[in-house]
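Trainee: pasted the sequence and its predicted model underneath.
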Amino acid sequence: MEKLNGKKINTAVFISGRGSNLRSLIEHYKKKNSLLSIKLIVSNNRKAKGLIYAKRSKIIKYVTNFKNKNVSEKKLLKKLFNHKINLICLAGFMKILSENFIKKFKKPILNIHPSLLPKYKGLNTHKKVIKNKEKFSGSTVHLVSTKLDSGKIILQKKIKISKYENEKTLEKKILKIEHELYPKAIKKFLINL
Ligand code: GRF
């Protein structure tokens, strides 16, 4: 990817549900010194609660249901090229992008995952962490590669798990740190390009 040269980077955020990380990225991008310009919000789910933030912030939204992954990804690539998107941030996006999509997009794709990768890849992270009586958990921002939750790690934040923690309290704790971690990780990634 080209160096930034003082320009903001055209970004698309992909969501599937609640969108609290999207909300925090939007708040961040509105700041004057932000390196991001969020141009597009993509969802595979037209009922995703997070789409409300597209409306509120007057950012273009695009919904494609991924029922036929091939077709959805083709249309999506076209949309991304039309909007000159140079960075994708996955934020609670529940579909796995194909190798073909990742290769054709050619630009960086980041993801936020609620565990201390490489531990606890995939779904139901908090449940597994509690079941295994881990002392720590956290969140990781990483580059998306063709292997699930396995690309280069950009930034991680660790938290202590209390004796009384359950899935719900852990999720809440981690979401809170994620809202700071994702913008910070994106900045770190972009200034080191
Ligand atoms: C976050 O915990 C993120 O790490 C994971 O999915 C959750 C999305 O939450 N990938 P939200 O939709 O951003 O509120």
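Mentor: Yep, it's here.
Trainee: give me the residue from this structure nearest the ligand.
Mentor: Across the chain, the shortest distance to the ligand (Cβ to the nearest ligand atom) belongs to residue 92, at 2.7 Å. Bear in mind the C-beta positions are built from the backbone N, C-alpha and C, glycine included.
Trainee: ok, now which ones touch that residue?
Mentor: Shown in contact with residue 92 (Cβ atoms under 8 Å, 6 or more residues apart in numbering): 15, 16, 17, 18, 19, 20, 21, 22, 50, 112.
Trainee: heading C-terminal from the helix or strand in which residue 103 is found, find the next helix or strand.
Mentor: Per DSSP states H and E, residue 103 falls inside helix 99-105. Once the chain leaves helix 99-105, the next helix or strand it forms, by DSSP H and E, is strand 109-113.
Trainee: now what about that next one, what contacts it?
Mentor: So strand 109-113 is contacted by 21, 87-93, 97, 102, 121, 125, 139-144, 149, 151, 154, 178, 181-182, 185-186, 189 (Cβ under 8 Å, 6+ apart).
Trainee: ok, back up a step: which members of the contacts of residue 92 additionally contact the ligand?
Mentor: Near the ligand, judged by Cβ under 6 Å from any ligand atom, the entries from the contacts of residue 92 are 15, 17, 18, 19, 20, 21, 50, 112.
Trainee: ok, and the most crowded of the residues you listed?
Mentor: Neighbour counts for the ones next to the ligand among the contacts of residue 92 peak at residue 15, which has 28 neighbours (criterion: other Cβ atoms under 10 Å).
Trainee: contacts only, for it.
Mentor: Neighbouring residues of residue 15 by Cβ under 8 Å, 6+ apart: 21, 22, 41, 42, 43, 48, 50, 51, 91, 92, 93.
Trainee: tell me which other helices or strands the longest helix seen in the chain touches.
Mentor: In the chain, taking DSSP state H as the definition, the longest helix is helix 167-191. Counting contacts by 3 or more Cβ pairs under 8 Å, 6 or more residues apart in numbering; DSSP states H and E, helix 167-191 is packed against helix 20-29, strand 87-90, strand 109-113, helix 125-131, strand 136-143, strand 153-160.
Trainee: the fifth one packs against which elements?
Mentor: Read that as strand 136-143. strand 109-113, helix 125-131, strand 153-160, helix 167-191.
Trainee: now the ones you listed in CSV, with mean pLDDT?
Mentor: Below are the helices and strands packed on strand 136-143 laid out as CSV (pLDDT from 0 to 100):
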stretch, mean pLDDT
strand 109-113, 98
helix 125-131, 97
strand 153-160, 98
helix 167-191, 97
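Trainee: which of those is buried the deepest?
Mentor: strand 109-113 (a mean of 22; mean count of other Cβ atoms under 10 Å).
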